[in-house]
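Engineer: how would this look folded up:
(chains A and B)
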Amino acid sequence: MPMMMLRGNESTAYAAKLARVKVIPAYPITPSTLFPEKISELIANGEMEAEFLPVESEHSALSAAIGAAATGVRAMTATASQGLALMHEVLFIASGMRMPIVMAIGNRALSAPVNIWADQQDTIAERDSGWIQFYAETNQEALDLTLIAFKVAENDKVLLPAMMGMDAFVLTHTMEPVNVPEQQDVDEFLGEKKINYPVLDPEKPATFGAFVFPEHYMDIRYSQFIAMEHARSVIDDVFNEFEKKFGRRYSKVSGFMVDDAEIVFVTMGSMTGTARETVRKLREKGEKVGLVKITVYRPFPKEEIVSLTKNAKVVAVVDRNISPGFAGAIFTETVASYNNEKKRPKIIDFIMGLGGRDVKIENYEQVYNLAKAALRGKFKEINWIDVDEEAVKEVEGTL
Amino acid sequence: MKISRGATITEPGSTSLEETGSWRTFRPVIRYEKCIRCMICWNFCPEPAIEKKEGENYPVANPKLIKMPVPVINYNFCKGCGICVNECPTKAIDFIREEK
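Structural biologist: Have a look, this model is predicted:
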């Protein structure tokens, strides 16, 4: 397997090539523009056999991907932030029509104010769209998870679209050594795309996404919900197959030094690396701290999160998103995951790294100190880390 | 009708399996003794929920028309839009509030 120096967007482009994606409709948007650029380069060089459609908007990009997937071929696109927001209604159509499309997202903040940097608000805002959601920590993961996303999405028991998020610039534009698998291995892993759903065929006409009465709509939504539940075990199986074939292990949720940890960080995406480094440093000082990384956010791995955090005293959830009026999404869902547990740790939310604000070791140390204070009973439920409180007080009057 | 994944329809004519009569608040009723069997209502019905039937067993406005087909409303599908009532040239269709 050749090692290549790749940016995150190139990782996902190579994944598209290796998955033998046949149709790629895309509309450029920072920080995902490199993806269509790389794809058109691969096609122009004769390295990839696919149809690249430069469409007029993200809404059209996903609509064209649905059309392509409805013919039975692999379709993929990439977008970010405002582009994903523009796709909003089409996201529900793709999942409702059960089209196994894969989309790479450069996780970026939403306007206003305009900001092009790392933030997971764009995909978190689409958590209810019926798409499976993966989040990469590295560019290697971005490539691997894109291949995995196809295999999960196309599984007979699932047939749902999947998005793979990678943080803007930190991954999308940063070069990392990436182990690019051999074509033959990917062919064996993914196989030829099966036609396991009705497709557009003049010989056998079909109607897609038609009108449905109240008598049936809810049952169709329920079947979509069940498919997402099925995805839980399918994702585990595909992770196992991937490990057998390529030697790299993935889990929906993975623990690091959690066994005896009193305080556990929960993170998702590129900010995990800094958290891991902080855990190592604190461990050297004898602190009982661990880390749980979320790789799959939809379906939400509730049982896995509980089993990795239930022995902790404080769970410090780090959210690179915020739902104004409540809390960060991972916090909300971690708390909900404990609904039926008798014994539960204290769960605290830390909002961090919005709009590309750097996530540094000292920020995690601050999180750790606040979590430690919570051990003694002193804590706030939602904590904004590394914000200028005085500046906010000045414009809003009070905090 | 059974649901399918993604609500994809692979057999034609599925709308004929979905009855829409329960949507109606007003029921059009043809008074055959005033009906001249012009079939304008049949032509205008957007559903279409007005069927063309052999007319020999229906009351007739003029005995000369007895061999002509009659419009018959299929209440399983009539949504009660009232277009037939509006279009009927002899005002032969009453429009009666549904009482349940």
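Engineer: just for the chain, where's the confidence low?
Structural biologist: Assuming you mean chain A. A:1 (pLDDT under 70).
Engineer: My question was about chain B, not that one.
Structural biologist: In chain B (pLDDT under 70), the answer is B:100.
Engineer: Residues of it that sit close to chain A?
Structural biologist: B:1, B:3-10, B:12, B:14, B:18 (C-beta under 8 Å from any C-beta of the partner chain). Every C-beta, even on glycine, is put in place using the N, C-alpha and C of the backbone.
Engineer: Just among those, which is most surrounded?
Structural biologist: residue B:6 (25 neighbours; other C-beta atoms under 10 Å in any protein chain shown).
Engineer: burial of the closest residue to that one other than its chain neighbours, as a residue count?
Structural biologist: The shortest distance from residue B:6 to any residue other than its chain neighbours is 3.6 Å, reached at residue A:98 (C-beta to C-beta, 6 or more residues apart in numbering or on different chains). When counting by other C-beta under 10 Å, one arrives at 26 neighbours for residue A:98.
Engineer: So residue A:98 sits against residue A:197, correct?
Structural biologist: Yes: assessed by C-beta atoms under 8 Å, residue A:98 is found in contact with residue A:197 at 6.2 Å.
Engineer: Common neighbours of these two, please.
Structural biologist: Here residue A:98 and residue A:197 have A:159, B:5-6, B:8 as joint contacts, going by C-beta atoms under 8 Å, 6 or more residues apart in numbering or on different chains.
Engineer: For my notes, please list those in CSV and give secondary structure and distance to residue A:128 for each entry.
Structural biologist: Output for the shared contacts of residue A:98 and residue A:197, formatted as CSV (DSSP: H, G, I helix; E, B strand; the rest coil; distance: C-beta to C-beta, whole Å):
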residue, secondary structure, distance to residue A:128
A:159, coil, 18
B:5, helix, 20
B:6, helix, 18
B:8, coil, 22
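Engineer: just to revisit the earlier point, helix, strand or coil for the residue nearest to residue B:6?
Structural biologist: For residue A:98, the secondary structure call by DSSP: H, G, I helix; E, B strand; the rest coil comes out as coil.
Engineer: Flag every residue of chain A that's near chain B.
Structural biologist: A:96-99, A:159, A:197-198, A:204-210, A:212-213, A:215-216, A:219-220, A:223, A:227.
Engineer: which helix of chain A spans the most residues?
Structural biologist: Longest helix in chain A by number of residues (criterion: DSSP state H): helix A:214-246.
Engineer: Describe which strands the helix or strand that that helix is followed by pairs with in its sheet and in which direction.
Structural biologist: Reading on from helix A:214-246 to the C-terminus, the next helix or strand found by DSSP states H and E is strand A:253-256. When pairing is defined by DSSP bridges, strand A:253-256 lines up against strand A:289-294 (antiparallel).
Engineer: by contact count, what packs against the next helix or strand after the strand it pairs with?
Structural biologist: Next along the chain after strand A:289-294, taking DSSP H and E as the criterion, comes strand A:296-298. Judged by 3 or more C-beta pairs under 8 Å, 6 or more residues apart in numbering or on different chains; DSSP states H and E, strand A:296-298 is in contact with strand A:132-135.
Engineer: Nearest to chain B: which residue in the stretch 51-200 of chain A?
Structural biologist: Nearest to chain B, among the residues of the stretch 51-200 of chain A, is residue A:98, at 3.6 Å (C-beta to the nearest C-beta).
Engineer: could you list every residue that touches that residue?
Structural biologist: Residue A:98 neighbours (C-beta under 8 Å, 6+ apart): A:159-160, A:197, A:224, A:227, B:5-6, B:8.
Engineer: residue contacts, residue B:53?
Structural biologist: B:69-72.
Engineer: What are the boundaries of the strands in chain B?
Structural biologist: B:26-30, B:50-53, B:70-73, B:93-97 (DSSP state E).
Engineer: Deepest in the core, which of those strands is it.
Structural biologist: strand B:70-73 (a mean of 22; mean count of other C-beta atoms under 10 Å in any protein chain shown).
Engineer: From the rest of the structure, what touches that strand?
Structural biologist: Contacts of strand B:70-73 (C-beta under 8 Å, 6+ apart): B:28-30, B:32, B:35, B:37, B:39, B:41-42, B:49-55, B:58, B:84.
Engineer: again, 10 Å this time
Structural biologist: By C-beta atoms under 10 Å, 6 or more residues apart in numbering or on different chains, the residues outside strand B:70-73 that reach it are B:21, B:27-30, B:32, B:35, B:37-43, B:45, B:47, B:49-60, B:84, B:88, B:92-93.
Engineer: Turn the residues of chain B next to chain A into JSON lines, including distance to residue A:325.
Structural biologist: Formatted as JSON lines, the residues of chain B next to chain A follow (distance: C-beta to C-beta, whole Å):
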{"residue": "B:1", "distance to residue A:325": "41"}
{"residue": "B:3", "distance to residue A:325": "36"}
{"residue": "B:4", "distance to residue A:325": "38"}
{"residue": "B:5", "distance to residue A:325": "36"}
{"residue": "B:6", "distance to residue A:325": "34"}
{"residue": "B:7", "distance to residue A:325": "34"}
{"residue": "B:8", "distance to residue A:325": "38"}
{"residue": "B:9", "distance to residue A:325": "40"}
{"residue": "B:10", "distance to residue A:325": "44"}
{"residue": "B:12", "distance to residue A:325": "48"}
{"residue": "B:14", "distance to residue A:325": "42"}
{"residue": "B:18", "distance to residue A:325": "40"}
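Engineer: mind listing the helices for chain A?
Structural biologist: Under DSSP H, chain A gives helices at A:8-18, A:34-44, A:58-69, A:81-86, A:88-96, A:121-124, A:139-153, A:183-190, A:214-246, A:271-284, A:302-309, A:329-337, A:361-375, A:389-396.
Engineer: count of neighbours near residue A:393?
Structural biologist: With other C-beta under 10 Å as criterion, residue A:393 counts 11.
Engineer: Next up, the contacts around it.
Structural biologist: Contacts of residue A:393 (C-beta under 10 Å, 6+ apart): residue A:399.
Engineer: Relative to residue A:380, how far out is it?
Structural biologist: Note on residue A:393: its distance to residue A:380, by C-beta to C-beta, to the nearest Å, is 16 Å.
Engineer: same thing with residue B:68?
Structural biologist: The value you get for residue B:68 to residue A:380, if C-beta to C-beta is used, is 83 Å.
Engineer: So between the two, which is more surrounded?
Structural biologist: Between residue B:68 and residue A:380, counted using other C-beta under 10 Å, the more crowded position is residue B:68 (18 against 12).
Engineer: so the more buried one sits right up against residue B:32, yeah?
Structural biologist: No: judged on C-beta atoms under 10 Å, residue B:68 makes no contact with residue B:32 at a distance of 11.5 Å.
Engineer: list residues touching both of these two?
Structural biologist: B:55, B:58, B:60.
Engineer: Put the buried members of those residues into a ChimeraX selection.
Structural biologist: Only the buried members of the shared contacts of residue B:68 and residue B:32 enter the following ChimeraX selection, criterion being 16 or more other C-beta atoms under 10 Å in any protein chain shown:
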select /B:55,58,60
